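> No sequence on hand, only this structure:
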């Protein structure tokens, strides 16, 4: 009986109820149909209209339908920066919500093809108002999409709220039925399907485009007020030029701080209900009203909170007051510049096998509301210390953080891609779980030390605080106060560390610091990890470049038993610490330019932002040369001499699994795309910049050029265009 019930559930999920009933009826007559089919085969071996399956297929013509294609605009590029689990979390939430709306309006969900949701009104049950129902479904789908993506940006990270639906609708007849075979499905065919698909692909994000046929049906039904003619006709393959229409969106208030366009979100003056019970809920309303920066802060809070749980679990759940460390906190980092604290080897904390096996589950650790409040306050202040630069801003820091998280996740994950499996040896691992001892060795100790992971994520968040939009070389040339303080070396990076660290050491964050470290040793290790990670983002300093190259060759060559001096033999622990230090630095270096190793649309978007930042500096007199003159060739050089070699090093580390291949493949693909399109893109960047300047009605010179020292000490990060470009 259970087996039969499961079969019924599967059939119910695949086929409409009316078709399901016909299938059961056909199944009951299977023997008779088989006999008829056998008798209807003529002596020449030709087949009758029953086909090779023996019985006639279940198929019908549906003359009055409206087909909806809803594609997730921006999904491909968004997913290139995510872990597979995150991709499916998003799709399950979006498709689940669309399923609920479809059920509300009695629309049939045809299928999902990748990131496209296909539905039909008037199938299999006829509907006189199928065009109206299809549009009501689509209008509510747009609203629900906004709610879901704003809510999930807190858990899935940057740019999730920027995802939209792009919907196309066409009305007409379709042929539909059960396409039999190994995986039978109820499927739709015909020109109506093709045209609806064209309406989606030629449409715009967060809009509904319909054909003249659908528009006429809406008008006849009394919904002409929903229609706005598209200003120009579109060309559709096989159809020629077509006049299409936008369907006005339901009237809803735009979320605070959102990027929603008001043009279509408030034009439906009727403010009417589409009937039925709302599929929305109150659970996401608070998130829906947050600004973009606030949503990114909440994402950072959730990410760092989970790492704090792991840190505390590694200490056996102990969190004590750290008053005895107050003197050490006041003096740490005061002996010289930040750069002078840089060390080629950071001794990571080593855990005994028994400690790893008996480590408390992080999920059992409760982080109090007080701690979360301190963390949220700290991160909000960090966000406010980022300047409103086109590239080096808090959104960029969040993208870097997302990449760091992804790479660290690849280290921690254990599967066939990194050579680690599940442990069944009770003496060396956890029964039926991950062998933590093998995992720690595989990653040179990074995965067994959650403080290390926390430090790298923390560094990504704070690494470009107070960036002025010009490179270190310009700050040195201008002889700014920050350049003087940091001795003209890694000016931006040192400043970021000091600003973030000084704020963290304030009394209001004492409880937060107690979660991060409990001992003098952990305090110094945390400081050292942050210093090394942020200093790694200075890729222009030639001395640091030479040092990194030498350290890499020493750590990952066959002669790993020789240290940098070539005189003394290193212990296995020292070798692992050296490798771990280099891996940590490469994680944040790769993440800092992760846009070059992600989908083309992500790369192009951030490349334009960085160009605008450099071009603005030139216009303001804070750069010697026009970046547009060598931006094209500079990018090619940046790929050839920095990005692609860096991606190859990720593979050579041997700890990132398939992510290293993914980063390298995207880097090579983006380089080739840039070779073909880069020159025209640079011209478009320049034209767009000047057009926007004109639209701003002549901004004053005083507004475009800020005091060189600003509210804080000036800083400079890195990345985006040419490694050989002086803009870096």
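Received it, and whenever you're ready, just let me know what you need. Because the structure is a prediction, the values reported are computed rather than measured. Numbering: from 1, shown residues only.
> Residue 295: how many residues sit nearby?
26 (other CB atoms under 10 Å). Backbone N, C-alpha and C define where each C-beta goes, glycine included.
> Please report how far it lies from residue 205.
19 Å (CB to CB, to the nearest Å).
> One more: residue 215?
Taking CB to CB, one finds residue 215 at 21 Å from residue 205.
> Among those two, which residue is more densely surrounded?
residue 215 (25 against 16).
> I'd assumed residue 245 was in contact with the more buried one.
Yes: at 4.5 Å, residue 215 counts as touching residue 245 under the criterion of CB atoms under 8 Å.
> Next, show the common contact partners of those two.
residue 227 (CB atoms under 8 Å, 6 or more residues apart in numbering).
> Would you check that residue 121 makes contact with residue 134?
Yes: the pair residue 121 / residue 134 is scored as a contact, 4.3 Å apart, by CB under 8 Å.
> what does the average pLDDT come to for stretch 59-77?
The average pLDDT within stretch 59-77 is 93.
> Tell me which residues of that stretch come out buried.
Within stretch 59-77, the residues that count as buried by 16 or more other CB atoms under 10 Å are 62, 64-75, 77.
> measure the residue lying closest to residue 129 once chain neighbours are set aside to residue 101 for me?
The spatially closest residue to residue 129, leaving aside those adjacent along the chain, is residue 221, at 5.7 Å (CB to CB, 6 or more residues apart in numbering). Per CB to CB, residue 221 is found 20 Å from residue 101.
> Out of these two, name the residue with the larger neighbour count.
Between residue 221 and residue 101, residue 101 has the larger neighbour count (other CB under 10 Å), namely 24 against 16.
> Phi, psi for the residue nearest to residue 129 please.
phi -80, psi 0 (degrees, to the nearest 10).
> In this structure it contacts residue 133, no?
No: judged on CB under 8 Å, residue 221 makes no contact with residue 133 at a distance of 9.9 Å.
> so what secondary structure elements neighbour the top helix by length along the chain?
Identified as the longest helix of the chain according to DSSP state H is helix 658-695. Under the contact criterion of 3 or more CB pairs under 8 Å, 6 or more residues apart in numbering; DSSP states H and E, helix 658-695 touches helix 394-412, helix 600-619, helix 631-638, helix 644-653.
> what's the most buried one of those helices?
Highest mean neighbour count of the helices and strands packed on helix 658-695: helix 394-412, a mean of 23 (counted as mean count of other CB atoms under 10 Å).
> what's next to the host helix or strand of residue 534, contact-wise?
According to DSSP states H and E, residue 534 maps onto helix 520-535. Around helix 520-535, the neighbours that count as contacts under CB under 8 Å, 6+ apart are 325, 328-329, 332-333, 338-339, 341-343, 346-349, 451-452, 454-456, 458-460, 462-463, 490, 493-494, 496-497, 500-501, 516-517, 544, 581, 584-585, 588.
> Tell me which of those fall in helices.
Among the contacts of helix 520-535, DSSP H puts 328-329, 451-452, 454-456, 458-460, 462, 493-494, 496-497, 500-501, 516, 544, 581, 584-585, 588 in helices.
> Quick check, residue 102 in contact with residue 108.
Yes: Residue 102 lies in contact with residue 108 (CB under 8 Å); the separation is 7.3 Å.
> okay, and the common contacts of these two?
In contact with both residue 102 and residue 108: residue 119, using CB under 8 Å, 6+ apart.
> shaky segments in the stretch 51-200 of the chain?
Low-confidence segments of the stretch 51-200 of the chain (pLDDT under 70): 51-57, 180-184.
> Show me the strands in it, by range?
Applying DSSP state E, counting those that start in this stretch to the stretch 51-200 of the chain gives strands spanning 59-73, 108-113, 116-121, 164-179, 185-189.
> Show me what the third one pairs with in its sheet, parallel or antiparallel.
Next to strand 116-121 in the sheet, as set by DSSP bridges, lie strand 59-73 (antiparallel), strand 108-113 (antiparallel).
> can you list contacts of the last one?
Counting by CB under 8 Å, 6+ apart, the neighbours of strand 108-113 from elsewhere in the structure are 16, 67, 91, 95, 98-99, 102, 117-121, 123-124, 185-188.
> hmm, 6 Å instead?
16, 95, 102, 118, 119, 120, 123, 188 (CB atoms under 6 Å, 6 or more residues apart in numbering).
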